[in-house]
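J.: Sharing a model prediction with you, sequence too.
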Amino acid sequence: MKISIAQGHNPPHNINGITVIIDVIRAFTTSHQAFVGGLDHILPVATAEEAFALREHYPQALLAGEVQALPIKGFDYGNSPWEIANSDVTNRTMILRTTNGVTATLRARDSREVLVAALINAEATARYIQEKAPPSVVLVASHPTGDEDVACAEYIRALLGGDGITLEQAQERTRNAFAARKFFDGSHPRLRPEDIHMASSSAGDDGLVMKVSFEPLPRIDRVV
Ligand SMILES: O=C(O)[C@H](CS(=O)(=O)O)OP(=O)(O)O
Ligand SMILES: [Mg+2]
C-alpha cells in the first residue's frame, strides 16, 4: 500500500485508491459529532447561498458551517462540534459549508473511494483502510497552511504502518496550531475552547467512518 500526504484544497488523482480528506479544526470533528448524535447524512456545499438554495428542496435540513471560521447568519449552527453535541440532530440531514474540509471534499472526485476524517476518528478510519487494503492511499490535509491536518495525516500514516507520529504528538500539534488560537483568546463568543478540546480528542476505534458519494449530489454518510 503506497501512502502519500498532500495538502490543500485540490486532492491529487487517486483513481484506484482511497483518498482521505482530513479536517481536524473543525469540519470533520463537527461531522463526526453529528453522526454520534444520530445524524442521518451530510450534504456538503461550497457556499452559504448554495446551502440556503438546497434547503428549499430539503426543508427539514439543518444548516451548519462557517465563513472565516464565524457562524453564518441564518444558519442553525456554526462549524462547531460543541454546538452539535449540545443539540438533538437525530435522523436529521445537515447541509454543511466550511472553508477547508468541505472545499477539498467537493474536489476529490478522482478516487475510487473518498473518506473524510479528523483526529477523533483517525483510528476507525485507519482500520477501515487496512481492511480494504487499496493499492494507494492519499491523505489530504485540507488546511492549505495549517499544521493540525498534517499532524493527523502523519498519525494515520503511522497507524497504517508507515512513518509517523503518536496520538499525543498529533493532539499537541492540534492544540498549538495557529487555527486554534482564536478559540482561546475570546475573540468571538461562539469560538469556544471546547471545540479545540473536542478536535484534539480521540474516540479510539469507535467504528465511525465517514464516506463521500458524489451522485446525484455530494453527500457524506456514516459507513455502517
Ligand atoms: O471553521 C473552521 O474551523 C475552519 C476555518 S479556520 O481554519 O478556523 O479559519 O474551517 P474548516 O473547513 O473546518 O477548516
Ligand atoms: Mg480546518
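T.: Alright, I've got the coordinates. Ligands and ions are numbered 1, 2, ... in the order given.
J.: Report the separation between the residue nearest to the spatial centre of the chain and ligand 2.
T.: What sits nearest the mean C-alpha location of the chain, by C-alpha atoms, centre = their mean, is residue 28, with 2.1 Å. Applying C-beta to the ion, to the nearest Å, the value for residue 28 to ligand 2 is 8 Å. Where you see a C-beta, it was placed from the backbone N, CA and C, and this is true even at glycine.
J.: what's the longest strand in the protein?
T.: Longest strand in the chain, counting residues (DSSP state E): strand 14-22.
J.: How about that strand and ligand 1, touching?
T.: No - using C-beta under 6 Å from any ligand atom, strand 14-22 never reaches ligand 1; the gap is at least 9.8 Å.
J.: contacting residues around the helix or strand just after that strand?
T.: Under the assignment DSSP states H and E, the closest C-terminal helix or strand after strand 14-22 is helix 27-36. Counting by C-beta atoms under 8 Å, 6 or more residues apart in numbering, helix 27-36 makes contact with 21-23, 42, 64, 79-81, 84-85, 89, 94, 96, 98, 100-102, 116-121, 142, 195, 198-199, 203, 206, 208, 210, 220, 222, all of which sit outside it.
J.: pLDDT value on the residue nearest to the residue nearest to the centre of the chain when sequence neighbours are not counted, please?
T.: Distances taken as C-beta to C-beta, 6 or more residues apart in numbering place residue 118 nearest to residue 28, at 4.0 Å, with adjacent residues excluded. Looking at residue 118, its pLDDT stands at 98.
J.: And the one 5 residues further on, by the same measure?
T.: The pLDDT attached to residue 123 in the predicted structure is 98.
J.: quick thing: my sequence starts at 592, can you match it?
T.: That works, and once the first residue is 592, the last one we named lands at residue 714.
J.: other SSEs contacting the one helix or strand it maps to?
T.: Residue 714 belongs to helix 713-723 when assigned by DSSP H and E. Where contact means 3 or more C-beta pairs under 8 Å, 6 or more residues apart in numbering; DSSP states H and E, helix 713-723 is packed against strand 605-613, strand 702-708, helix 739-750.
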